[in-house]
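Student: structure for the following, please:
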Amino acid sequence: MPFYVVFIVAACIAILAVVVWVTENRQTLGVLLGFYIIGVLIITLLVRTYDTEIRTICNPFAKYINLARAVSSRGTSGLPSQKDSIREIILNILLFVPLGFLVPVRIEKMRHLWKILLLACLFSLSIEIAQLILHMGWFDTSDIVHNTLGACIGYVIWCKWLRSVRET
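Tutor: Okay, here's the model as predicted:
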């Protein structure tokens, strides 16, 4: 398993654990949110290599179509051939879970699902556009969908956490 995969998963878990621990200190949360954003930009832009070709995937369901084709033609034995797609989907979701959790904890005006979804979508879109312009990776619309889904999951976790804090 590549280092960045381990880093992303570990960072998501660590960020959520630290946030739950220190939520009383808004300044610490702001610093944590800043480090998270910098980490995302490093992972999505700076560790990439320049590619002379522009690579785009405009169909947000392309990975699912490929997965369905692999399974329909070879049954579940076709899934290993798609392990990179499956891993990429999961990592793109996990990458934005902290955003959906940290932003409403730190910024009271952002405590609405639609605002978190809009923020996640725009942040992800800006990353994809930067990758397209800088020729660093693929412009993949499914990344935007999966990142936004990850932020939604983070927001749901925040809502459940907030409810449990209020009940105690």
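Student: hang on, residue 154 packs against residue 95?
Tutor: No: the criterion here is Cβ atoms under 8 Å, and residue 154 misses it with residue 95 at 10.2 Å. All C-beta atoms are positioned from the backbone trio N, CA, C, and that covers glycine.
Student: what's near enough to touch the spatially closest residue to residue 137 that is not a sequence neighbour?
Tutor: In this structure, residue 137 finds its nearest non-sequential neighbour in residue 131, 4.3 Å apart by Cβ to Cβ, 6 or more residues apart in numbering. By Cβ atoms under 8 Å, 6 or more residues apart in numbering, the contact set of residue 131 is 44, 45, 48, 137, 138, 139.
Student: any idea which of these is closest to residue 60?
Tutor: Of all these, residue 139 has the smallest distance to residue 60: 11.7 Å, by Cβ to Cβ.
Student: beta partners of the closest one?
Tutor: residue 56 (DSSP bridges).
Student: out of the contacts of residue 131, who's nearest residue 89?
Tutor: residue 138 (13.8 Å).
Student: and the closest one, its phi and psi?
Tutor: Torsion angles at residue 138 (phi, psi; degrees, to the nearest 10) stand at phi -100, psi 150.
Student: which of the contacts of residue 131 are buried?
Tutor: Among the contacts of residue 131, the ones that count as buried by 16 or more other Cβ atoms under 10 Å are 44, 137, 138, 139.
Student: return the member of the residues you listed nearest to residue 165.
Tutor: Checking these against residue 165 by Cβ to Cβ gives residue 44 as the nearest, at 31.7 Å.
Student: leaving out chain neighbours, which residue sits closest to that closest one?
Tutor: Distances taken as Cβ to Cβ, 6+ apart put residue 127 closest to residue 44, at 4.8 Å, once the chain neighbours are dropped.
Student: how about the helices in this structure?
Tutor: 3-22, 26-41, 62-74, 83-106, 113-134, 141-167 (DSSP state H).
Student: ranking the ones you listed by mean pLDDT, which is last?
Tutor: Comparing mean pLDDT across the helices of the chain, the weakest is helix 3-22, with a mean of 63.
Student: rewinding a little: ok, the buried ones among the contacts of residue 131 vs residue 115, which is closest?
Tutor: Ranked by distance to residue 115 (Cβ to Cβ), the buried ones among the contacts of residue 131 are led by residue 44 at 21.9 Å.
Student: show me what contacts that closest one?
Tutor: Counting by Cβ under 8 Å, 6+ apart, residue 44 touches 95, 127, 131, 137.
Student: specify which member of the residues you listed is nearest to residue 143.
Tutor: residue 127 (7.8 Å).
Student: right, I'll leave it there.
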